[in-house]
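Visitor: Fold the following.
(chains A and B)
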Amino acid sequence: MTLEIKSGQCGYSLENPIIFDLNFRLETGEVMAVLGPNGCGKTTLLNTIVGINSWQLGQTLVHGRPLSDYGPRELWQQLGYVPQARTNVFAYTVMDMVLLGRSAHLGTFGRPGRVDRVSARRVLERLEIGHLENRLCNAISGGELQLVFIARALLAEPKVLFLDEPESHLDFKKQLIILGIIERLAREDGMICMLNTHFPNHALRIAHKVLLMAPSGGHQVGLVHDILTEQAVRECFEVDTVFSDIAVNNQIHRALFPVSVATPKSAAGAAR
Amino acid sequence: MPFSVGAARFAWLLSWFLEQGRNHLLLAGLPILLALGALCIGRYIVPPDHVMGILLGQIFPIEPYWQSIEETVLMQIRLPRVILALSIGAGLSVSGAAFQGMFGNPLVSPHILGVSSGAGFGAALSILTFRHLAFVPMGALCFGVIAIVIALWISRHRGCSSLFMLILAGVITGAMFEALLSLIKYLADPDDTLPTIVYWLMGSLASPGWHKLIWGLPLILIGIAVLYALRWRLNVLSLSDVEAHALGVNLKRMRWTVIFAATLITAASVSLAGIIGWVGLVIPHVARMIIGSNHQVLIPATISLGAGYLLVIDTIARTSTAAEIPLSILTAVIGAPFFAWLLKRSKGGWT
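Guide: Next up is the predicted model:
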């Protein structure tokens, strides 16, 4: 499985695109993090890549075939999408919500059956939220709801998983749980994962590649350790940062420590 | 050994029935029982055993043990009316549930897109021009469809229409037809056509007769069947656009289908029985309180409760006083306190 973007340009106006001339290719089991400040268009880019919005220029290739080649059902058996957690007006149970993930596999008048329930239960167990099965979606925590949405996406058995800021408003523990899940999906299932995030440290932790989006519309894409430099982070987020290596149990973790909001002066200082 | 296995299976089936099946059985049986009851009562009481005999006698050769007048009352007057009440009740409720799901808004009713106002205007126009009720169903149906077409046209923006725009467009179309309806009432003869228009608009299932049922009923049943078949998909439709899209649903086609089915039901209902309010708004809520939000079970429950509710209301309308009470008055007068009680009891905690 491959996911490839060729000379993509997207946005709401041609004069002021969110991103232009975007090219990258992800192979089986690769994780890509999309980093950028608030309002730079990460969600729009993600929606464009999966075909909910259309490209102004360029195209998405899934396994070498352009999106337009796929019917909606065929496409969404390959792709999974985890939106930002948001409660619904109607209170569905966790099981009902997760079963909606079978949608792309069922006919228009189809309904999930016993087999689908069994696989839904298996996915819930894998994400360690099996005990929530009969709870209502609006009566569980934000982190749990996020896991429910991941379970729903996984039920379609996708080869590529897109996640829109899956960990952004969660506590430390839930953040690590979600990151761990993404890492496992990529390693064990060979899933291509692409996630939007606010946190460079999360990209350092699980991503192989990174797409750094600047508010100006410029971008950098490539291997995490090539792209994520103090200089690049300052240009993108306007924050001065320092890398540090932390040794825990004979393992070196690379982390980025935010020092201060960047000013022209401090930029000169950081460049010392 | 096979016996014990069989017994165990039977016991399991029985316990499943008692746990899971009870609600379903109750819901399926409710309209049938109510219908049998409604067939008995009226100004001319027909005993239940006679009702059963007459109904079965239509299919099987049974020696009549009932009077022929009972058969006439039952077959020519009561049965068509009961069938109409069941199907309109079911139809309005299920299209209300589908719309509430699709718009993600529990305050929506089947009247939201202006179909009823258009149909009401069409009916009034027919009464005014032809001075006869015979052309009313046709006029109502035509203008109901015209109203939805106008609403869809207004809401179209660069080839697609957002749900929010659609609701606004429906409100606009509805307001326009309401105004035109007022104009017709103003122009109508206050001694002759005006009362006819006013009474007709308040809704009544009086004397439908088989000939009237035959062309309106299939439309309602088709609409109900479509929404019933899509019941699980309505869950997907109630999510945000992005989520529904990402579940591989052809959102546009799906929405068109739901709107088409609900319009069919609403316009046909109005053309057969006038504007009956309240049912399509409240019954879905009551069903949701009983059985939950999952449309896969909510839709059957809504069909059954809606059918039963309108049947009860109509039976009260035709039996409680010498003159018939218009349905819209009763649906609200009986429905509102009941809904208020349910709301109080559940503390609003069902959505």
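Visitor: tell me the contacts of the residue of the stretch 151-300 of chain B found nearest chain A?
Guide: Here the residue of the stretch 151-300 of chain B nearest chain A is residue B:248; by Cβ to the nearest Cβ that distance is 3.0 Å. C-beta coordinates here come from the backbone N, C-alpha and C atoms, glycine included. If you count contacts by Cβ atoms under 8 Å, 6 or more residues apart in numbering or on different chains, residue B:248 has them with A:72, A:73, A:75, A:76, A:77, A:103, A:104, A:156.
Visitor: Need those residues in CSV (columns: neighbour count and pLDDT).
Guide: Below are those laid out as CSV (neighbours: other Cβ atoms under 10 Å in any protein chain shown; pLDDT from 0 to 100):
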residue, neighbour count, pLDDT
A:72, 18, 89
A:73, 17, 90
A:75, 19, 94
A:76, 25, 95
A:77, 18, 94
A:103, 26, 93
A:104, 24, 93
A:156, 23, 94
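Visitor: Next, format those as TSV and append secondary structure.
Guide: As requested, these are exported to TSV (DSSP: H, G, I helix; E, B strand; the rest coil):
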residue	secondary structure
A:72	helix
A:73	helix
A:75	helix
A:76	helix
A:77	helix
A:103	helix
A:104	helix
A:156	coil
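Visitor: who in chain A is up against chain B?
Guide: Taking Cβ under 8 Å from any Cβ of the partner chain as the criterion, chain A approaches chain B at residues A:47, A:50, A:52, A:72-73, A:75-77, A:79-81, A:83, A:86, A:88-93, A:96, A:100-101, A:103-104, A:106, A:108-112, A:153, A:156.
Visitor: What's the PyMOL line that selects buried ones from these?
Guide: The buried residues among the residues of chain A next to chain B can be selected in PyMOL (16 or more other Cβ atoms under 10 Å in any protein chain shown) with this line:
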select buried, chain A and resi 47+50+52+72+73+75+76+77+79+80+81+83+88+90+91+92+93+96+100+101+103+104+106+112+153+156
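Visitor: mind listing which of the residues of chain A next to chain B are in helices?
Guide: Among these, the ones falling in helices (DSSP state H) are A:47, A:72, A:73, A:75, A:76, A:77, A:96, A:153.
Visitor: from these, which is closest to residue A:179?
Guide: Proximity of these to residue A:179 was ranked by Cβ to Cβ; the top entry is residue A:153 with 16.0 Å.
Visitor: my read: that closest one touches residue A:159, true?
Guide: No: applying Cβ atoms under 8 Å, one finds residue A:153 not in contact with residue A:159, separated by 11.8 Å.
Visitor: For the stretch 51-200 of chain A, which segments are assigned as strands?
Guide: All strands of the stretch 51-200 of chain A, identified by DSSP state E, counting those that start in this stretch, fall at A:57-62, A:65-66, A:79-82, A:160-164, A:192-197.
Visitor: Where does the prediction get shaky in chain A?
Guide: Along chain A, segments meeting pLDDT under 70 span A:264-272.
Visitor: Show me the domain layout of it.
Guide: Listed by automatic domain parsing, the domain ranges of chain A are A:2-228, A:229-272.
Visitor: Figure out the length between the terminal residues of the longest one.
Guide: Terminal residues of domain A:2-228 lie 24 Å apart, using Cα to Cα, to the nearest Å.
Visitor: did I read that right, residue A:241 in a strand?
Guide: Yes: looking at residue A:241 with three-state DSSP, it is inside a strand.
Visitor: where does the stretch 51-200 of chain B come near chain A, residue by residue?
Guide: Contacts of the stretch 51-200 of chain B with chain A, taken as Cβ under 8 Å from any Cβ, map to B:101, B:104, B:105, B:106.
Visitor: List just the nearest of those to residue A:239.
Guide: Among those, and counting by Cβ to Cβ, the member closest to residue A:239 is residue B:104, at 38.1 Å.
Visitor: The closest one and residue B:238 touch, don't they?
Guide: Yes: Residue B:104 is within contact range of residue B:238, at 5.4 Å (criterion: Cβ under 8 Å).
Visitor: Comparing these two, which shows the higher neighbour count?
Guide: For residue B:104 and residue B:238, the more surrounded residue by other Cβ atoms under 10 Å in any protein chain shown is residue B:238, and the numbers stand at 23 against 15.
Visitor: Using just helix, strand and coil, how would you label the nearest residue to that one once chain neighbours are set aside?
Guide: Using Cβ to Cβ, 6 or more residues apart in numbering or on different chains and skipping residues adjacent in sequence, the residue nearest residue B:238 is residue B:101, 4.4 Å away. Following three-state DSSP, the label given to residue B:101 is helix.
Visitor: what's the answer for residue B:181, then?
Guide: With three-state DSSP as the criterion, residue B:181 reads helix.
Visitor: For the residue nearest to residue B:238, report the pLDDT, please.
Guide: Confidence at residue B:101, expressed as pLDDT, is 92.
Visitor: give the contact list for it.
Guide: A:90, B:234, B:235, B:237, B:238, B:295.
Visitor: and the gap between it and residue B:163?
Guide: 11 Å (Cβ to Cβ, to the nearest Å).
Visitor: Tell me which entries of the residues of the stretch 51-200 of chain B next to chain A lie within helices.
Guide: Those of those lying in helices (DSSP H): residue B:101.
Visitor: For the residues of the stretch 51-200 of chain B next to chain A, could you give me a markdown table that also reports distance to residue B:76?
Guide: A markdown table is the format used below for these (distance: Cβ to Cβ, whole Å):
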| residue | distance to residue B:76 |
| --- | --- |
| B:101 | 39 |
| B:104 | 45 |
| B:105 | 42 |
| B:106 | 41 |
